[in-house]
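Enquirer: Structure, please.
(chains A and B)
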Amino acid sequence: MKILGIGCALPPQVVINNQLEQILDTSDEWIQSRTGIRERHILSGGTVAGLALEAGQEALQDSGLTGADLDMILVTTAQGDDLFPSVSCTIQQDLGANCPCMDLHVACAGFIYALDTADAYIKSGKASHILIVSAEGLSRLSDWSDRSTCVLFGDAAGAVVVGPGEGLLSCQLSALSRRDILFGTYTGLPCPFSPPEEKVAAGIRMEGQEVFKFAVGISAADLLKAADKADIPIAQMDWVLLHQANRRIIDAVSRRLGVTPGRVPSNIHRLGNTSSASIPLLMYDLYHAGLLEPGHVLALSGFGSGMVSGACILRWDKPKPSQVKDPVHSLHFT
Amino acid sequence: MDVFTKIAQAIAQRRGSDASQITPETRFDELQLDSLDVAELIMELEDEFSITIDMAQLGATVGDLVNLVNEARK
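Expert: Next up, the predicted model:
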């Protein structure tokens, strides 16, 4: 498997920390010092499927393929606009595709799991070209009265088209039942045959310190295992792309791994935590900044509610874009 | 190295300060360590002593953390 095309979509509405000060007992200083987030894009209108479609169309165009060439559409999302149909099936027709579609629900690690799934389909000969879209609208799942969580999340979609190749050098997936430290819930409709239950507030709940410990520990461990499988030391990675959960997690993982300074890009200051979309968005920014070159080796790590995690080592095969679209200053480097 | 000395040195290294200024009664907030700093410190201790610390049991002072580590080592 190798990456043939890449795309992204951001809702136009940008919410800066100062705006959150107006509705929550928080401050720009508190948010930035604990998370590194300065602003995030929020779906004020539009849909998760709309973001997925836009990102998917750009990735397809970038790959030089059309929807008719796709053998599968894989979407990763915490929750689409509907319980069903899936986001992947919703966007299939507008992409001009006529292929199987499925959504994967692996929280913030979704993109890594989707890469591994796509690789398995391609290696088995069941598929040649697969569109992966990671599309998230966590602002619609957040409890906007909970200042410890709602400030973290942003909405976005990132997409890649993958095809046959030897780009995925290794992959390491894991999962551990720990609902107690991070979960999101929603309220359903009452059923007359169910006993009345205490109303559970919707939203995302998180034990910050426990999640920090889990994320830092598992991300570093996964990356070391994936690097070992690929027989390439972490120190030799050209880029280490970590799920953009929190600036402090990114810094702690980098310290733990002893990554070469300057090799860990970050865009969390602009986008917040966009769950499974964060890694393809980071890859997109790096590519369009002209910083990804054919032959570069990338280490990717995602982790999230479950708790789930995954890391992979990827050899980049695409030539640089003809024009640098995004200025380098949109990225920070650790 | 005893547990208190290890913790004091780890904090001092993190804050760029003098370990001798830290006592068991020193509170984490006096050290300007926020919750994520403390979480990372605990990860370091878990690695050092091959233990697992339950964050829910964590108190407010360095001495509380020393007791937790000692309990976990039993």
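
Enquirer: now the strands: where do they sit in the stretch 201-334 of chain A?
Expert: Counting by DSSP state E, counting those that start in this stretch, the stretch 201-334 of chain A forms strands over residues A:203-206, A:239-242, A:265-266, A:297-304, A:308-315, A:332-333, given from the N-terminal end onward.

Enquirer: Longest helix of the chain, counting residues only.
Expert: By default, I'm working from chain A. In terms of residue count, the longest helix belonging to chain A (DSSP state H) is helix A:208-230.

Enquirer: look at chain B instead
Expert: helix B:35-49.

Enquirer: Could you pull out the buried residues of it?
Expert: For helix B:35-49, burial by neighbour count (16 or more other C-beta atoms under 10 Å in any protein chain shown) applies to B:S35, B:L36, B:D37, B:V38, B:A39, B:E40, B:L41, B:I42, B:M43, B:E44, B:L45, B:E46. Backbone N, C-alpha and C define where each C-beta goes, glycine included.

Enquirer: which of these come close to chain A?
Expert: If you filter the buried residues of helix B:35-49 for contact with chain A, counting by C-beta under 8 Å from any C-beta of the partner chain, you are left with B:S35, B:L36, B:V38, B:A39, B:E40, B:I42, B:M43.

Enquirer: May I ask which of these comes out lowest in pLDDT?
Expert: Within those, the minimum per-residue pLDDT falls on B:S35 (87).

Enquirer: out of the buried residues of helix B:35-49, which one sits closest to A:E54?
Expert: Proximity of these to A:E54, judged by C-beta to C-beta, is greatest for B:L36, which lies at 34.4 Å.

Enquirer: and the closest residue in space to that closest one that isn't next to it in sequence, how many residues sit next to it?
Expert: For B:L36, ignoring the flanking residues on the chain, the nearest one in space by C-beta to C-beta, 6 or more residues apart in numbering or on different chains is A:R248 at 4.8 Å. Residue crowding around A:R248 was assessed by other C-beta atoms under 10 Å in any protein chain shown; the count is 22.

Enquirer: I'd say A:R248 and A:G36 touch.
Expert: Yes. Using C-beta atoms under 8 Å, A:R248 is in contact with A:G36, at 7.0 Å.

Enquirer: Can you show me the helices along the chain?
Expert: As the question left the chain open, I've gone with chain A. Applying DSSP H to chain A gives helices spanning A:17-21, A:28-35, A:48-63, A:87-92, A:110-124, A:208-230, A:247-257, A:268-271, A:278-288.

Enquirer: Actually, chain B is the one I wanted.
Expert: Using DSSP H, the helices of chain B run over B:3-15, B:35-49, B:62-73.

Enquirer: Compare those and give me the one nearest A:L169.
Expert: When those are ranked by proximity to A:L169, the top entry is helix B:35-49, at 27.8 Å, counting by C-beta to C-beta.

Enquirer: Can you give the contact residues for that closest one?
Expert: The set of residues external to helix B:35-49 that reach it, using C-beta atoms under 8 Å, 6 or more residues apart in numbering or on different chains, is A:34, A:208-210, A:212-213, A:216-217, A:246, A:248, A:252, B:3, B:6-7, B:10-11, B:14, B:28, B:33, B:51-53, B:55, B:58, B:65, B:69, B:72-73.

Enquirer: Now a PyMOL select for only the buried ones of those.
Expert: Selection of buried members from the contacts of helix B:35-49 for PyMOL, criterion 16+ other C-beta under 10 Å:
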select buried, (chain A and resi 34+208+209+210+212+213+216+217+246+248+252) or (chain B and resi 3+6+7+10+11+28+33+51+53+55+58+65+69+72)
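
Enquirer: ok, for A:D81, nearest residue in space, not its chain neighbours?
Expert: That would be A:T47: by C-beta to C-beta, 6+ apart, it lies 4.7 Å from A:D81.

Enquirer: can you tell me which residues contact A:R248?
Expert: In this structure, A:R248 makes contact with A:R34, A:T35, A:G36, A:F212, B:L36, B:E40, judged by C-beta under 8 Å, 6+ apart.

Enquirer: tell me the domain ranges of chain A?
Expert: A:2-166, A:170-333 (automatic domain parsing).

Enquirer: any chance of the ones you listed in a markdown table, with mean pLDDT and distance to B:Q21 too?
Expert: Formatted as a markdown table, the entries for the domains of chain A read as follows, by pLDDT from 0 to 100; distance: least, C-beta to C-beta, whole Å:
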| stretch | mean pLDDT | distance to B:Q21 |
| --- | --- | --- |
| domain A:2-166 | 96 | 23 |
| domain A:170-333 | 92 | 24 |
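
Enquirer: Save those domains as JSON lines, and put in distance to B:P24 too.
Expert: As requested, the domains of chain A are exported to JSON lines (distance: least, C-beta to C-beta, whole Å):
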{"stretch": "domain A:2-166", "distance to B:P24": "27"}
{"stretch": "domain A:170-333", "distance to B:P24": "21"}
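
Enquirer: Check the spacing between the closest residue to chain A within chain B and A:C150 real quick.
Expert: Nearest to chain A, among the residues of chain B, is B:A39, at 4.2 Å (C-beta to the nearest C-beta). With the distance defined as C-beta to C-beta, to the nearest Å, B:A39 ends up 21 Å from A:C150.

Enquirer: Residue of the stretch 1-150 of chain A closest to chain B, please.
Expert: Proximity to chain B, evaluated over the stretch 1-150 of chain A using C-beta to the nearest C-beta, is greatest for A:R34 at 6.5 Å.

Enquirer: so who does that residue touch?
Expert: A:R34 is in contact with A:N246, A:R248, B:D34, B:L36, counting by C-beta under 8 Å, 6+ apart.

Enquirer: again, but for B:V62
Expert: The neighbours of B:V62, taking C-beta under 8 Å, 6+ apart as the test, are B:F4, B:I7, B:A8, B:I11, B:I22, B:T23, B:P24, B:E25, B:T26, B:R27, B:F28.

Enquirer: quick one: the last one and B:T61 touch, right?
Expert: Yes. Proximity of B:F28 to B:T61 meets the contact threshold set by C-beta under 8 Å, at 7.2 Å.

Enquirer: Count residues in the vicinity of B:D18, would you?
Expert: The burial count assigned to B:D18 is 9, neighbours taken as other C-beta under 10 Å.

Enquirer: same deal with A:H269?
Expert: The tally of other residues near A:H269 (other C-beta under 10 Å) stands at 18.

Enquirer: hang on, it packs against A:R38?
Expert: Yes. Applying C-beta under 8 Å, one finds A:H269 in contact with A:R38, separated by 4.5 Å.
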